[in-house]
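Asks: model the structure of this input:
(one chain, ligands or ions: 1)
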Amino acid sequence: MSLLHYRHGAHLESYRRTAHIRDEAAYRALYRRSLEDPEGFWAEQARLYLDWEKQWDEVHHWDPGSARCRWFAGGVLNAAYNCIDRHLERHRDRIAFYWEGEDPAETESITYGDLHDRVNRLSAMLRARGIGKGDRVALYLPMIPALPVSMLACARIGAVHTVVYTGLSPKALASRMADCRAKALITVDGMRRDGERVPLIPSLRPVLAPLPHLETVLIDARMDAGFSPDSDREVLWGDAAADPSLPEFVPPEPMDAEDPLFILYISGVRGRPKGVVHTHGGYLLHAAMTTRLVLDARPEEILWCTSDMGWIVGHTYGLYGPLLNGLASVLFEGEPESAEPARYGDIIERYGVDRLCWTPTEIRFARNGGALTGRDLPSLKLMASVGEPMDPETWEWAYHQVGGDRCPVIDAYLQTETGGILIAPLPGAGPLKPAFCGQPFFGVDPVVLDDFGEPVRHPNREGVLCIRRPWPGMARTIHNDHERFIDPYFNRIRGMYFTADAALRDADGDFRMLARVDDVIKVCGGRICAAEMEAVLRLHPEATDAAVVRFPHPVKGEGIYAFVALDAAVHPSDSLKETLLRHLREEIGSIAAFDVIQWTRALPRTRSGKVVRHILDKIAAGNVDDMGDAAAIVDPALIQDLINGRQTPG
Ligand code: AMP
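Replies: So this is what the prediction gives:
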């Protein structure tokens, strides 16, 4: 990788006139203060960005030994109140969401007033079903208005929402619901697949049946297919909403800043998804601040965060961040990969989108489609690229061709566990470097460590990114399993948050994010754990062994390459490949579809049985000239067989 980079600042002169932070000195002064006087800094920010019913007892508490962290404990607030009610007096008629269906003819404009009415109605419906503070409610909904309404209704009554991405299968949904003992599920009767509506309830019923804690399945019947509930626990949204005894207003539940707001599951080893827990106080502050200062948004603007709300980016920049700042958001039902590239431009134009938050995969997809190149999009003021490593060529294309050298392109780094952006350049602070995430956000104290756990001293040397102290938006735990929070995140390097991301810092101190050092694969902004896929593949009776690795994919950034060992009696075939794909889809979801499969007689293992992954990584990436040290492999002849059997992606 060339470390030569150019700085781009053509946008700066005009952009700075309106930026919240207008130069590097202003950033540096505030950043220094956030580290030197964290109590004072965060107390000030918390008062500025959020409305509190009661002030906190202590700003911050951190016990590195137990990885227990609190922000603003004792403070009382409500997320839905902060997102909606407090804007009503002055901005009841301001748009909160422009919704556009997969079919462009289907649209809705939802004002803050409408949102308030819908959220209150649903809050009353949930209350009437006995759902209240602390109860877990799963949401399995496509990108339709019911999704943000449901998230906010849960927040209003103090229930903990857990949104499950609809690209995950009903089985994956059920395993998440079992883990958090969800009392209710809000879903739809059918999902769109390639333009068709496919009924969902028949595949949901069998997987939901064994869940003893599930009392209510609230179904938004969109398919109009004469669906009828088959038990007391299934309720049609329309029927429940029509109950005349429901109050029109549900007072927002007073929540402690440290009460959980949501659980967002990330892929773990099969059967054990990890429920990342975020809280009302710290998370909301991080979401509000980064939306305002990194995305540089202001209330009269329109933000389009293309991420599904089933991911952290969708939670933070599709819902909470924009609403906390009084913005309008675009909510688009279509999936990035299935939408026409021109659709991006059409939506930006139709709604006058000011700020676009998308992924490198989408940018490459739009670039390949050709439809956006040089298209005049005068409303656009900023683009943020989130969720995956960016490459300089893609960055350059977005800056010149989509942004016309007017719009900063902000490469912003975050994780589900970080709640929001941790490292990103501030758009008014200085020139931008393609594919560099720039500087840490306020209060974030990052360090790149070498293999010995020592800070990397020389610029441009790779290491692992760790964060030396907690920030308000940091996850608090893994639901019901704090050990799984301590071990991977705080025990690797004592007392520091271990990101599992490789990074480097250049001579200016700017960060460049590289790749995961563990087995997490990022596909089109989604996150999947190779171990989970491997466990599912191994379960299939025809497969004797399986390993899954990533490889560089020209559009998706990372692709999934599966090595599957078969019994000698089983012959590889296209139909077996389809069977395995179906198996993965059923057990995990469409996100787990491999791009390439290579059949093999065995996997390269050491005597102790460990798969030698660096060999598989090299084969998947096509770097087969030097396979490195193969001495530890039990069956060295296997390597040549694997090289000979390599499949070319595409
Ligand atoms: P998720 O939890 O799904 O948001 O995925 C988090 C992971 O996405 C991180 O650990 C990184 O590997 C990757 N990621 C997120 N943002 C960036 C970025 N701007 N550059 C490089 N990788 C990123």
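Asks: excluding chain neighbours, what is closest to residue 104?
Replies: residue 346 (7.3 Å; CB to CB, 6 or more residues apart in numbering). (Glycine included, C-beta is placed from N, CA and C.)
Asks: burial of the one you found, as a residue count?
Replies: Number of residues near residue 346 (other CB atoms under 10 Å) recorded here: 15.
Asks: residue 255 too?
Replies: With other CB under 10 Å as criterion, residue 255 counts 26.
Asks: which other helices and strands contact the helix or strand hosting residue 149?
Replies: Counting by DSSP states H and E, the element that carries residue 149 is helix 146-157. If you count contacts as 3 or more CB pairs under 8 Å, 6 or more residues apart in numbering; DSSP states H and E, helix 146-157 packs onto helix 79-80, helix 112-128, strand 136-140, strand 160-163, strand 184-188, strand 260-266.
Asks: mean neighbour count for those - can I get that in JSON lines?
Replies: Shown next, in JSON lines, are the helices and strands packed on helix 146-157 (neighbours: other CB atoms under 10 Å):
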{"stretch": "helix 79-80", "mean neighbour count": "28"}
{"stretch": "helix 112-128", "mean neighbour count": "21"}
{"stretch": "strand 136-140", "mean neighbour count": "27"}
{"stretch": "strand 160-163", "mean neighbour count": "26"}
{"stretch": "strand 184-188", "mean neighbour count": "26"}
{"stretch": "strand 260-266", "mean neighbour count": "25"}
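Asks: would you turn these into TSV with distance to the ligand and mean pLDDT?
Replies: Shown next, in TSV, are the helices and strands packed on helix 146-157 (distance: least, CB to the nearest ligand atom, whole Å; pLDDT from 0 to 100):
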stretch	distance to the ligand	mean pLDDT
helix 79-80	20	98
helix 112-128	26	98
strand 136-140	17	98
strand 160-163	13	98
strand 184-188	22	98
strand 260-266	6	97
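Asks: let's have these in a markdown table, adding distance to residue 24.
Replies: Output for the helices and strands packed on helix 146-157, formatted as a markdown table (distance: least, CB to CB, whole Å):
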| stretch | distance to residue 24 |
| --- | --- |
| helix 79-80 | 33 |
| helix 112-128 | 35 |
| strand 136-140 | 41 |
| strand 160-163 | 37 |
| strand 184-188 | 46 |
| strand 260-266 | 34 |
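Asks: so residue 175 touches residue 268, yeah?
Replies: No: Residue 175 is beyond contact range of residue 268, at 10.0 Å (criterion: CB atoms under 8 Å).
Asks: what count of nearby residues applies to residue 462?
Replies: 16.
Asks: I figured it hits residue 505, correct?
Replies: No: using CB under 8 Å, residue 462 is not in contact with residue 505; the gap is 9.8 Å.
Asks: shared neighbours, those two?
Replies: 448, 456 (CB atoms under 8 Å, 6 or more residues apart in numbering).
Asks: enumerate the residues of this structure near the ligand.
Replies: With CB under 6 Å from any ligand atom as the criterion, the chain meets the ligand at residues 311-312, 386-390, 411-416, 437, 501, 513, 516, 522, 527.
Asks: give the contact list for the most far-flung residue of the chain relative to its centre.
Replies: Distance from the C-alpha centroid of the chain, by CA atoms, centre = their mean, peaks at residue 569 (42.1 Å). Residues near residue 569 by CB under 8 Å, 6+ apart: none.
Asks: of residue 175 and residue 268, give the one with the bigger neighbour count.
Replies: More crowded of residue 175 and residue 268, by other CB under 10 Å: residue 175, with 22 against 18.
Asks: tell me how far the more buried one lies from residue 585.
Replies: Separation of residue 175 from residue 585 (CB to CB, to the nearest Å) stands at 15 Å.
Asks: what sits against residue 204?
Replies: For residue 204, the contacting residues are 140, 170, 173, 187, 217, by CB under 8 Å, 6+ apart.
Asks: do the same with residue 558
Replies: Going by CB under 8 Å, 6+ apart, residue 558 touches 388, 521-523, 550-552.
Asks: for the residue nearest to residue 12 when sequence neighbours are not counted, give me its contacts.
Replies: Using CB to CB, 6+ apart and skipping the chain neighbours, the partner closest in space to residue 12 is residue 431 (6.7 Å). Contacts for residue 431 (CB under 8 Å, 6+ apart) come out as 7-9, 12.
Asks: ok, of those, which come out buried?
Replies: Among the contacts of residue 431, those scoring as buried are 8, 12 (criterion: 16 or more other CB atoms under 10 Å).
Asks: is it true that residue 149 touches residue 117?
Replies: No: Residue 149 is beyond contact range of residue 117, at 9.8 Å (criterion: CB under 8 Å).
Asks: can you find the helix or strand in the protein with the smallest mean pLDDT?
Replies: Of all helical and strand segments in the chain, the minimum by mean pLDDT, DSSP states H and E falls on strand 190-193, at a mean of 83.
Asks: contacting residues around it?
Replies: Strand 190-193 has contacts (CB under 8 Å, 6+ apart) with 102, 142, 166, 197-201, 222-223, 225, 333.
Asks: ramachandran angles for residue 95?
Replies: Phi and psi for residue 95, reported as degrees, to the nearest 10, are phi -70, psi 130.
Asks: next: residue 93.
Replies: The phi/psi pair for residue 93 (degrees, to the nearest 10) is phi -90, psi 0.
Asks: so where's the stretch 51-200 of the chain shaky on pLDDT?
Replies: Judged against pLDDT under 70, the stretch 51-200 of the chain has no low-scoring part.
Asks: what is the burial count for the closest residue to residue 169 other than its chain neighbours?
Replies: Of all residues not flanking residue 169 in the chain, residue 589 sits nearest, at 4.3 Å (CB to CB, 6+ apart). Per other CB under 10 Å, the neighbour tally for residue 589 reads 22.
Asks: tell me what residue 589 is bridged to.
Replies: Counting by DSSP bridges, residue 589 forms beta bridges with residue 168.
Asks: so what's it up against?
Replies: With contacts defined as CB under 8 Å, 6+ apart, residue 589 is in contact with 165, 167-169, 172.
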